[in-house]
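> this is the structure alone, sequence omitted:
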């Protein structure tokens, strides 16, 4: 009984192949020409005509290639597909493995640890690049316009100006000895430094928090510290050697009344540039 069923299926297959072969011969095409038109190997075309489905593979491929061959020869093979080639059945996926709960927890923790490591590998270098120039001690800010107290000499207490009458002379009744000469107090105003012209100014305007360091040409620090939004600093460009600006995107730099583009001097949002002898801004 089983042998008879197999014989019928094989006979139907040969009938489908014979139909395709006859249509090919009637069209005057060779196996090689059909294979070229369908872009198939010659042995696959031969297997389609012989009904040897096992050479081709799964039924879904057999049905597709039979339809392509039939369209080329204008032959209807749909009745043969329903009886000879079984439709492709979806594969049932059955899980044969069960991961314990603690294993799933460990896998989730491992994935999170990988995310943390990747984030740290990206964020830490950026943070170090923007903060490496900070000093260990908190920076102090001092205005360059204020004269330090120690530079102002203390004036001694002066007594009223008395005319000199010679050595040994004095004032009767006072018992004090006159000084050798009178004290002279000058009422002339102290000499002030001439303010530089606007063309020689280097002006820094801060629109947000930024760390600033301005170094003179001799290497001494003119001013450094943490600036806040609304702060502004002005320096004589002829006396500035180099400038470092953290979070440079919030700082507007003006030299000789013109805005300076610090983008070419920035790296990781830290601008470093030098000021030449003529006051122009150059790369450090």
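Received it, and whenever you're ready, just let me know what you need. Keep in mind that what you see is a predicted model, and the values were worked out from it rather than measured. Residues are numbered from 1 along each chain as shown.

> just give the number of residues close to residue 252.
Residue 252 sits with 13 neighbouring residues when counted by other CB atoms under 10 Å. Yep, even glycine has a C-beta here, placed from its N, CA and C like the rest.

> roughly how far does residue 17 sit from residue 264?
75 Å (CB to CB, to the nearest Å).

> tell me which of these two has more neighbours.
The neighbour count for residue 17 versus residue 264, taken as other CB under 10 Å, is higher for residue 17 (21 against 11).

> in this structure that one contacts residue 51, no?
Yes: counting by CB atoms under 8 Å, residue 51 is a contact partner of residue 17 at 4.3 Å.

> separation between residue 218 and residue 278?
18 Å.

> these two - which one has more neighbours?
residue 278 (10 against 7).

> pretty sure that one belongs to a helix, no?
No: secondary structure of residue 278 (DSSP: H, G, I helix; E, B strand; the rest coil): coil, not part of a helix.

> helix, strand or coil for the residue lying closest to residue 245 once chain neighbours are set aside?
Nearest non-adjacent residue to residue 245, counting by CB to CB, 6 or more residues apart in numbering: residue 271, 4.4 Å away. Assigned with three-state DSSP, residue 271 falls in the strand class.

> so what's residue 271 up against?
Applying CB atoms under 8 Å, 6 or more residues apart in numbering to residue 271 gives the contacts 243, 244, 245, 248, 251, 253, 262, 265.

> inside strands: which ones of those residues?
Counting by DSSP state E, the contacts of residue 271 place 243, 244, 245, 251, 253 in strands.

> show me what the residue nearest to residue 245 is bridged to.
residue 245, residue 266 (DSSP bridges).

> pLDDT below threshold where in the stretch 151-284 of the chain?
Along the stretch 151-284 of the chain, segments meeting pLDDT under 70 span 151-199.

> show me the strands in it, by range?
Secondary structure of the stretch 151-284 of the chain by DSSP state E, counting those that start in this stretch: the strands cover 201-206, 210-216, 221-227, 232-236, 240-246, 251-255, 258-260, 266-267, 270-275, 281-283.

> could I get those strands as a markdown table with distance to residue 67?
Converted to a markdown table, the strands of the stretch 151-284 of the chain look like this (distance: least, CB to CB, whole Å):
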| stretch | distance to residue 67 |
| --- | --- |
| strand 201-206 | 74 |
| strand 210-216 | 71 |
| strand 221-227 | 76 |
| strand 232-236 | 80 |
| strand 240-246 | 70 |
| strand 251-255 | 71 |
| strand 258-260 | 71 |
| strand 266-267 | 63 |
| strand 270-275 | 67 |
| strand 281-283 | 70 |
